[in-house]
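Novice: one predicted model, sequence on top.
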Amino acid sequence: MSDTLPLPLPGATRPATRPAHAAQTLFPVRDGCLQVGGIPLTRLAERVGSTPFYAYDRSLLDARVARLRAALPAALRLHYAVKANPMPALVQHMAGLVDGFDVASAGEMAVALDTGVAPGEISFAGPGKTDAELRRAIAAGVCLHIESEGELARAAALGAALGVRPLVALRVNPDFELKGSGMRMGGGAKPFGIDAEQVPALLRAMAAMAVEFRGLHIFSGSQSLKADAIIEAQARTFDLALSLVEGTGLALPQLNIGGGFGIPYFPGEQALALDAIGAHLAACCARLHAQRPETAVILELGRYLVGEAGVYVARVTERKQSRGQVFLVTDGGLHHHLAASGNFGQVIRKNYPVAIGNRMDETAARETVSVVGPLCTPLDVLAERMELASARAGDLVVVFQSGAYGRSASPAAFLGHPAAAEVLV
């Protein structure tokens, strides 16, 4: 869908409105006020003590994992990708819901280890791991997802110096991609993983190294809402994994098939058809286990687990008009929520779902407004020409779909404003 708009007609006092989002139904509303974790938003703001803040709802995290467990094969292991939201309290909560973690830095690894999850159920992925990071992971017993031949050699040498046999899985750059994905992580030339055609030789060379082979990690893309595309990529992933280990004499303890499950952000987008994916995965796992009964299959998800369970909340500090357009100026903006501002990968800017959280039942007094932050840049926009309840200074603007890639993916130091708080309720 195109998100471009015509210029306003001369003399117009009401700018064109952006397309409407689907109704937000995960967070209940009582007496006109959004509830997060069963707490009215206005009261939660007082509890936090300041705005802006992020709030994550435990019950929605629980419900999302339960829904996944019901739809997916029972034997499938579910891992949480910490990069989606590394808030320590949230990661600790997820530890009781999932079977393991994927991390992408030593900092994330420390958060995951603090939860008490077995180190062997933590995988460390990402190109450019330093020797210091490799040493820490090896010493902890974390499984390294190896991204290159050189990284494998360094891990083996560092393990020998420590007297510890590193746990390693090879991350494969497949010769296919996840069609329609927001970010394509496989296919073509990529900084991630080892090209599939190079993997068999590396598996043979690995036999002479003092490492423990834990399996393969094949991840082709993320943020897809197309079940058929995910199903196709998963089928090719299973086929590729079997072909890579065929004839090597190696067991395949684990196959991490990545994730790629998306959530709807923009008008016209529909939730992912999870049941179809679950049925297909059951067939894939059965076929794999007929040949490789030892293999545990891991589905690694981040955004899909936490994205819809979080909101970003900012307070209106001023209401102003400029040449017929109403602006709500808030105390939050792109420095806290870069993705909602449209500056985190969007080509054409689209609005996240936004509401006035303490005026949820006001359907008559509505107007087209733009919500902007306090930063001295025209990029600091949280909502552009959206129809919202009529708001004034002191009201609370809510940005939905904010549980993933929010606070930690934003330039918090930009222009020196205070950081946003976080709360898990």
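Specialist: Good, I have the coordinates. It should be emphasised that the depicted structure is a prediction, and the values quoted were computed from it without experimental measurement.

Novice: quick one: least confident helix or strand in the chain?
Specialist: Sorting the helices and strands of the chain by mean pLDDT, DSSP states H and E puts strand 183-184 at the bottom, at a mean of 51.

Novice: past that one, which element shows up next along the chain?
Specialist: strand 194-195 (DSSP states H and E).

Novice: relative to that next one, what are the paired strands and their orientations?
Specialist: strand 167-173 (parallel) (DSSP bridges).

Novice: mean confidence for the strand it pairs with?
Specialist: Mean per-residue pLDDT for strand 167-173: 96.

Novice: how about stretch 16-26?
Specialist: 83.

Novice: equivalent analysis for stretch 258-270, please.
Specialist: On average, stretch 258-270 scores 92.

Novice: likewise stretch 117-137?
Specialist: Here the average pLDDT along stretch 117-137 is 97.

Novice: next, the buried residues of that stretch.
Specialist: 117, 119, 121-126, 129, 133-137 (16 or more other CB atoms under 10 Å). Where C-beta positions appear, they are placed from N, C-alpha and C, glycine not excepted.

Novice: narrow these to those in helices?
Specialist: Using DSSP state H, 133, 134, 135, 136, 137 are the members of the buried residues of stretch 117-137 that sit in helices.

Novice: nearest to residue 411, of these?
Specialist: Of all those, residue 411 sits closest to residue 133, with 23.5 Å by CB to CB.

Novice: and that closest one, what does it touch?
Specialist: 105, 106, 109, 124 (CB atoms under 8 Å, 6 or more residues apart in numbering).

Novice: narrow the residues you listed to those in strands?
Specialist: Counting by DSSP state E, the part of those found in strands is residue 124.

Novice: top of the contacts of residue 133 by neighbour count?
Specialist: Counting neighbours by other CB atoms under 10 Å, residue 124 leads the contacts of residue 133 with 27 neighbours.

Novice: which residues does that residue bridge with?
Specialist: Here residue 124, judged by DSSP bridges, has bridge partners residue 103, residue 144.

Novice: surely it touches residue 104?
Specialist: Yes: the criterion here is CB atoms under 8 Å, and residue 124 meets it with residue 104 at 7.5 Å.

Novice: between those two, which contacts overlap?
Specialist: With CB under 8 Å, 6+ apart, residue 124 and residue 104 have no common neighbours.

Novice: domain assignment for this structure?
Specialist: Structural domains annotated on the chain: 29-56+308-424, 86-301, as defined by automatic domain parsing.

Novice: run the chain-centre distance for the last one.
Specialist: What separates the centre of domain 86-301 from the centre of its chain is 15 Å, taken as CA atoms, centre = their mean, to the nearest Å.

Novice: any idea which helix or strand comes after the strand ranked longest in the chain?
Specialist: The longest strand of the chain (DSSP E) is strand 310-322. Once strand 310-322 ends, the next helix or strand along the chain (criterion: DSSP H and E) is strand 325-330.

Novice: tell me which other helices or strands that next one touches.
Specialist: On a contact count with 3 or more CB pairs under 8 Å, 6 or more residues apart in numbering; DSSP states H and E, strand 325-330 meets strand 310-322, strand 366-372, strand 381-389.

Novice: closest one to residue 19 among these?
Specialist: Closest approach to residue 19 among these is made by strand 381-389 (9.5 Å; CB to CB).

Novice: quick check: closest non-adjacent residue to the spatially most central residue of the chain.
Specialist: With distances taken as CA atoms, centre = their mean, residue 303 lies nearest the centre of the chain, 2.7 Å away. Spatially, and ignoring its direct neighbours in sequence, residue 303 is nearest to residue 404 (4.1 Å; CB to CB, 6 or more residues apart in numbering).
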